[in-house]
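Undergrad: Build me a model:
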Amino acid sequence: FGGVAAKQAIVCALMQGPEEHYQIGEELAREMYAPVMRSHRITLEQMAMLEPAMAETIGSMVVTILGEAMEEAVKNGVPYEAAKDFMLGHINIQLGIVFEKVNPFSDACLIAIDYGRKAMIKEGWQDLYKPEKIYEQVDMMLHPDKAEGLK
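TA: Predicted coordinates for the structure are as follows:
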């Protein structure tokens, strides 16, 4: 929730009620997450694509895999602080490449990406954005007993 110097962008959607209530909700969100540099209005369906699908189901899963990868290096003898600093340094560069388009990945890195993708990622993962899959994700989050079969 916001802070004093870390400006951020927010997304807002009108879930119910009249159109004139949207602005009230956005102003409340701007206060809660202040300081806000920009606000994006999206639909409720788009919000569900962003959360849980993009941010939690996919994003948080990928970050936990990064943590597990680092822990595996530690188990294999790399000092924890060295592994952590190395991983975080690389993640910062990789985020810049992917999200800010600052540089391309090297040819060798592209080969490693393809190798890792084939080893770790199921074909069709993009189905997680289909409405029925988003509903399933939300349903399992609200009813954890339904997620027992995933373990």
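Undergrad: elements contacting the longest helix out of those in the chain?
TA: Across the chain, the longest stretch assigned as helix under DSSP state H is helix 80-100. Contacts defined by 3 or more C-beta pairs under 8 Å, 6 or more residues apart in numbering; DSSP states H and E place helix 80-100 against helix 61-75. Placement of C-beta: from N, CA and C, glycine included.
Undergrad: Show the average pLDDT along the helix it packs on.
TA: Mean pLDDT, helix 61-75: 98.
Undergrad: any idea of the angle it forms with helix 80-100?
TA: Orientation note: helix 61-75 sits at an angle of 150 degrees relative to helix 80-100 (axes from the mean of the first three to the mean of the last three C-alpha atoms, to 10 degrees).
Undergrad: ok, back up a step: what comes up buried for the longest helix of the chain?
TA: By neighbour count on 16 or more other C-beta atoms under 10 Å, the buried set for helix 80-100 is 83, 84, 87.
Undergrad: quick one: contacts of it?
TA: 66, 69, 70, 73, 74, 102, 103, 104, 105 (C-beta atoms under 8 Å, 6 or more residues apart in numbering).
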